[in-house]
Every structure is written in C-alpha cells, then in structure tokens.
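> Based on what follows, work out the 3D shape:
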Amino acid sequence: MNYFYLSETKKNLSMKKNEVTRLYNFSDAKLIEVGNEKIAFMRRDAEAFASFGLDETKFAELEAKITDFSNLVTDIEKSNEQVQITEQKDLKAEELRTAIRSVMTRVAQKYGLGTARYTNYGTDSLGKQGDADLLVTAKRVVRVGTAHLNDLANEGLQQSHLNKITELNDEFGALLIEQKLKIGERDIQRKRYSAGRQGRIWECNLFASGKIHSHRAGYMGKQRCSKV
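Residues are numbered from 1 along each chain as shown. The predicted structure follows:
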C-alpha cells in the first residue's frame, strides 16, 4: 500500500482537462509551517537521526523543496486572474453583439427580416452564439455590410459602424486568447500541488526513517503521515 500518495487526477468534463486535486488535509501555508518546524526538530536531533542515514544534506534538500513551494503563485491568485479576464471577455462580447444588432436593424429596415439578403449576414441566434462563432459572425457582418454599404446608406449605415465592429471584434479576440492562456496556467497549479506532494512525501519518509526516535519530538503521531 502506498501511504504517501497525495494527489489524484479527475476528469473535468466541462473543461475537457485533467485537474490535479490535493489530498492532504490542510492548507499550503500549514504544509510550509509543518515542514519548517520538522526541519528544525531534525536539525536539533541530528545526532540521533544520523543513525538512520539522515544528515544535513537531506535536511537541506527538504528545506529547498519547501522554499520552492512557498515561492509558487497561489491557487487564489490564479483563480482570481482567470475570473477577471473571463468577465472582461464576456462584457466585450456583449458590446460586440450590440454593435452587430445596430447594423442588423438597418439591414432589416432595408431588406426585411428573414429575407435572403438579411440571412446572408449570418446573425441568427446571435445571443446564443459561442465565442468562436461570434468572432466569425462579426467578420461576416463587416464583409457583407461593406458590400451593401451604398444600398444601406439611406438607412443610416456608415463605414464607422462597420469599423466599430472590427475594433470590438479584435479586442474580443485578444481577450479570448488571454482567457485561454489563463486557463492554461492551471499547469502552475498542477506544479504547485506536485511540489507540495513531493515535499510532504519527503517529510513523511524522513519521519518514518526516524520513527524510533520520533517519541522525543512527536514526529509521527502528530502529523499522521499514513493518512494524508
């Protein structure tokens, strides 16, 4: 039985991405605190631990792992960044839809709803279109609207309306890419959990190696390494 297995993957069906979940039952801050505390205990009792093949080299290696772990970006930071960029992207999408509807009102006045020329703009179910479809639709509206610009002049359509759609679409596309990058940065979260897992394994293995001596400082009972 592997008592030191501290992480698992689960399938996130909505994101189509494997996500790493922490299984040790305390916060990252507590893990850092516990690790540093035990390093201090082991250095204090270095002579007793030496008989188990544990020395300053191993203590320093664990300390380095804990330091690296504490320097990683926190889960809260990454989650908040992703939420913020998603909100910005969604607001920009609504601005873009509003600009498209402004053009389509003029198209409907000229050609009528449901006509071939109206349908050619591809704005059916505009409010339900996903991000990728919205990007394509915006470009199509500009392209077809440009071709019909003279025809729609009497309805008040101007080049500035089409330019505004292009501008908003570019901004929306940039935000969409940034959102994807933030989602990709979940790998940092995975790296953090992995680092925490490795640090905790090191702690538990060192404590297990020194279990005969552990009664002097409570190395094992207090932390329950076999149940993390």
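
> Can you list the low-confidence ranges for the chain?
1-26, 72-78, 186-228 (pLDDT under 70).

> Mind jotting down where the helices sit in it?
28-44, 46-50, 56-71, 75-111, 116-119, 131-147, 149-152, 159-184, 186-209 (DSSP state H).

> Out of these, flag the one nearest residue 125.
Set against residue 125 and scored by Cβ to Cβ, the helices of the chain come closest in helix 131-147, at 8.9 Å. Where C-beta positions appear, they are placed from N, C-alpha and C, glycine not excepted.

> just to revisit the earlier point, can you lay out the helices of the chain as a markdown table showing distance to residue 125 and mean neighbour count?
Shown next, in a markdown table, are these (distance: least, Cβ to Cβ, whole Å; neighbours: other Cβ atoms under 10 Å):
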| stretch | distance to residue 125 | mean neighbour count |
| --- | --- | --- |
| helix 28-44 | 44 | 17 |
| helix 46-50 | 68 | 14 |
| helix 56-71 | 48 | 15 |
| helix 75-111 | 11 | 16 |
| helix 116-119 | 12 | 12 |
| helix 131-147 | 9 | 17 |
| helix 149-152 | 22 | 14 |
| helix 159-184 | 18 | 16 |
| helix 186-209 | 31 | 19 |
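
> list the contacts for residue 106?
By Cβ atoms under 8 Å, 6 or more residues apart in numbering, the contact set of residue 106 is 152, 155, 156, 157.

> Can you tell me, leaving aside adjacent residues, what's nearest to the second one?
Taking Cβ to Cβ, 6 or more residues apart in numbering as the measure, residue 155 lies nearest to residue 106, with 4.0 Å between them; neighbours along the chain are not counted.

> swap in residue 140?
residue 122 (4.9 Å).

> domains for the chain, by residue range?
Listed domain ranges for the chain are 24-76+188-227, 80-184 (source: automatic domain parsing).

> returning to that earlier point: can you turn the buried part of the contacts of residue 106 into a ChimeraX selection?
Only the buried entries of those go into this ChimeraX selection, using 16 or more other Cβ atoms under 10 Å:
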select :152,157
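
> Out of the contacts of residue 106, the closest to residue 184 would be?
For the contacts of residue 106, the residue nearest residue 184 by Cβ to Cβ is residue 157; the value is 39.7 Å.

> separation between that closest one and residue 167?
Distance, residue 157 to residue 167, by Cβ to Cβ, to the nearest Å: 16 Å.

> And for residue 115?
Distance from residue 115 to residue 167, by Cβ to Cβ: 28 Å.

> And residue 69, by the same measure?
Relative to residue 167, residue 69 is positioned 44 Å away (Cβ to Cβ).

> Same question for residue 59.
Residue 59 is 59 Å from residue 167, by Cβ to Cβ.

> now residue 141
In terms of Cβ to Cβ, residue 141 sits 13 Å off from residue 167.

> do the same with residue 98
Using Cβ to Cβ, residue 98 is found at 13 Å from residue 167.

> again with residue 107
The spacing between residue 107 and residue 167, counted by Cβ to Cβ, is 20 Å.

> Same check on residue 80?
Distance from residue 80 to residue 167, counting by Cβ to Cβ: 28 Å.

> what does residue 150 give?
In this view, residue 150 and residue 167 are 22 Å apart by Cβ to Cβ.

> what does residue 124 give?
24 Å.

> repeat for residue 92
Distance from residue 92 to residue 167, by Cβ to Cβ: 11 Å.

> again, but for residue 32
To residue 167, residue 32 is 47 Å away according to Cβ to Cβ.

> Endpoint to endpoint, stretch 39-59 covers what distance?
6 Å (Cα to Cα, to the nearest Å).
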